[in-house]
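Chemist: got a structure for you, letters missing:
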């Protein structure tokens with residue numbers, strides 16, 4: 001066997017298969033040339049990344065290129081543990097007031113910036129003041145949230161945050177990287193994006209910025225471990241990290257093996273080529289995105305059948321989700337929940353409605369939906385017919401076609417309608433105006449979990465979010481709403497895991513939606529690089545979380561770790 005496929009994120013699981021179809025579904029398009037792996041003499045790590053650094057600033061970074069660098073150069077007050085829980089990083093500890101509104105954070109006293117200056121509460125207050133500024137040029141969701149939080153530097157190592165309402169997920173928000181006040185003090189928020197700091201950043205992270213050079217095909221950024229990094233157990237021992245940013249994705253993949261030791265985010269053809277390349281280890285983990293089928297349950301007059309739990313459950317039973325996934329050309333992971341497997345809130349004992357074609361037909365018969373001439377079911381003059389809205393992408397088209405064909409077997413008439421992804425989101429929107437909100441029958445959608453690891457499902461499933469929030473389907477269930485409300489207000493998190501596990505099973509029991517899959521992030525790394533452990537909770541940049549464990553194998557030992 002010339003390759004290894006390592007799947008992480010649902011525990012630590014090593015899989016070596018003749019084909020990956022049992023869990024991952026590799027694509028079928030013609031693949032590029034297989035990488036030829038070279039040995040790299042020096043104790044340095046190199047990786048190809050698609051894109052170009054522009055805003056290496058934790059408040060402004062939105063491209064993957066920028067986010068990858070931010071993850072290595074900067075630190076936040078908290079970071080994630082292996083289960084996705086926030087734990088102290090620049091913070092030493094925190095206390096929560098009895099009403100859940102005040103978080104008092106004690107900072108470490110041994111942290112210095114990469115230029116040697118001490119880190120203090122002034123840096124935290126300065127960073128938050130930029131986020132709260134009305135002219136802040138970064139992502140709107142960041143500004144909107146932080147404008148609801150007051151920040152006070154009580155002394156050099158104590159910061160106090162005052163919230164407008166209890167929010168158990170608040171420690172997760174504290175993962176945002178902190179900026180140095182001694183360098184940027186006095187800058188106007190609106191000028192932040194144009195400051196030279198963004199391409200010569202100074203942070204408190206494990207790696208310090210050394211240089212950036214445009215080499216034509218790629219921009220090469222050199223980083224080195226910061227010798228005075230505050231947490232000795234997490235210090236990086238690799239001598240140097242070189243990240244080459246390619247404007248052309250094909251150039252980035254071609255560099256793998258010859259010029260660089262790693263490349264992430266492989267597409268289906270690239271993955272097929274890498275699977276056949278000696279000397280590569282392939283790591284995979286589900287992205288924090290879930291694809292599911294939503295039903296418009298708010299249109300009681302036009303779509304009365306979606307308000308009937310028996311009909312929704314029959315649609316669930318009539319769908320072989322495994323067959324849908326087998327029809328796809330891309331790598332995906334089957335899911336039963338909107339919460340990521342392997343994280344603290346996931347329920348590993350979920351029991352979804354089983355695939356049962358005969359049972360689905362019997363349930364529809366019992367509910368009065370009878371097959372009429374032409375093969376479509378109807379009741380009281382209403383046909384069981386609707387349109388499935390989906391994004392105009394090959395993966396969505398393949399899934400939509402498979403879903404429609406399966407449902408037609410039980411007398412459900414489903415037509416497909418494709419839309420530009422942005423237009424699809426607009427049609428889901430509950431506040432479009434002119435009576436056009438929630439403009440769909442059913443929809444196949446991919447919902448991302450955003451910048452947070454916290455799984456709080458409140459915005460998507462609480463009944464208060466039906467009219468002006470992200471409860472796109474209009475689903476309303478008192479038991480689920482009460483559980484979500486209690487969970488997000490529990491500042492100590494004592495009950496949250498139990499409530500979220502209960503929520504996940506209730507969502508399946510009510511057939512509120514049909515979960516299908518999560519896209520998979522694939523990471524190809526030379527077998528010379530040992531100790532890689534992929535734990536994706538929020539973003540592909542989290543592949544660097546355990547870089548302190550990475551080691552480069554000397555040439556004399558290559559035969560013991562690299563497949564022949």
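Modeler: Perfect, thanks for sending it. Predicted model, so just to flag it, every value in this text is computed and none were measured. Numbering: from 1, shown residues only.
Chemist: In the chain, which strand is the longest?
Modeler: Longest strand in the chain by number of residues (criterion: DSSP state E): strand 513-526.
Chemist: which is the next helix or strand following that strand?
Modeler: For strand 513-526, the succeeding helix or strand toward the C-terminus, using DSSP states H and E, is strand 529-530.
Chemist: For that next one, name the packing helices and strands.
Modeler: strand 551-552 (3 or more Cβ pairs under 8 Å, 6 or more residues apart in numbering; DSSP states H and E). Where you see a C-beta, it was placed from the backbone N, CA and C, and this is true even at glycine.
Chemist: Direction included, what does the strand it packs on pair up with?
Modeler: Partner strands and pairing direction for strand 551-552 (DSSP bridges) are strand 529-530 (antiparallel).
Chemist: Contacts made by the strand it pairs with with the rest, please.
Modeler: 45, 261-262, 281, 550-553, 561 (Cβ atoms under 8 Å, 6 or more residues apart in numbering).
Chemist: Distance from it to the middle of the chain?
Modeler: 25 Å (Cα atoms, centre = their mean, to the nearest Å).
Chemist: same thing with stretch 212-226?
Modeler: Distance, stretch centre to chain centre, for stretch 212-226: 27 Å (Cα atoms, centre = their mean).
Chemist: same question, stretch 109-116
Modeler: That offset, for stretch 109-116, works out to 31 Å (Cα atoms, centre = their mean).
Chemist: Tell me the buried residues in it?
Modeler: Buried residues in stretch 109-116, defined by neighbour count with 16 or more other Cβ atoms under 10 Å: 111, 113-114.
Chemist: right, and the helix or strand after the host helix or strand of residue 254?
Modeler: According to DSSP H and E, residue 254 maps onto helix 249-255. As assigned by DSSP H and E, the chain's next helix or strand after helix 249-255 is strand 262-264.
Chemist: And that following strand, what does it pack against?
Modeler: strand 44-50, helix 249-255, strand 513-526.
Chemist: taking the ones you listed together, which one is wrapped up most tightly?
Modeler: strand 513-526 (a mean of 24; mean count of other Cβ atoms under 10 Å).
Chemist: helices or strands up against it?
Modeler: By 3+ Cβ pairs under 8 Å, 6+ apart, strand 513-526 packs against strand 262-264, helix 268-275, strand 280-286, strand 289-295, helix 321-326, strand 332-334.
Chemist: hmm, back to that, out of the helices and strands packed on strand 262-264, which gets nearest to residue 97?
Modeler: Closest approach to residue 97 among these (Cβ to Cβ): strand 513-526, 36.5 Å.
Chemist: Sheet-wise, list the partners of that closest one with their directions.
Modeler: Here, using DSSP bridges, strand 513-526 pairs with strand 262-264 (antiparallel), strand 280-286 (antiparallel), strand 289-295 (antiparallel), strand 332-334 (antiparallel).
Chemist: avg pLDDT for the first one?
Modeler: Yep, that's strand 262-264 we're talking about. In this model, strand 262-264 carries a mean pLDDT of 97.
Chemist: What is the least confident helix or strand in the protein?
Modeler: strand 12-15 (a mean of 28; mean pLDDT, DSSP states H and E).
Chemist: domain assignment for this structure?
Modeler: 4-48+206-286+527-561, 78-194, 289-519 (automatic domain parsing).
Chemist: Check those domains for me: which has the lowest mean pLDDT.
Modeler: Taking the mean pLDDT of those, domain 4-48+206-286+527-561 comes last: a mean of 81.
Chemist: what about residue 34, which SS state?
Modeler: Classification of residue 34 by DSSP: H, G, I helix; E, B strand; the rest coil places it in coil.
Chemist: wait, doesn't it sit right on residue 280?
Modeler: No - applying Cβ atoms under 8 Å, one finds residue 34 not in contact with residue 280, separated by 9.1 Å.
Chemist: Spit out the residues that contact the two alike.
Modeler: residue 274.
Chemist: who has more neighbours, these two?
Modeler: Higher neighbour count among residue 34 and residue 280: residue 280, with 26 against 17, using other Cβ atoms under 10 Å.
Chemist: so how far is residue 330 from that one?
Modeler: 20 Å (Cβ to Cβ, to the nearest Å).
Chemist: What's the end-to-end length of stretch 324-338?
Modeler: Stretch 324-338 stretches 18 Å from its first residue to its last (Cα to Cα, to the nearest Å).
Chemist: Sounds good, over and out.
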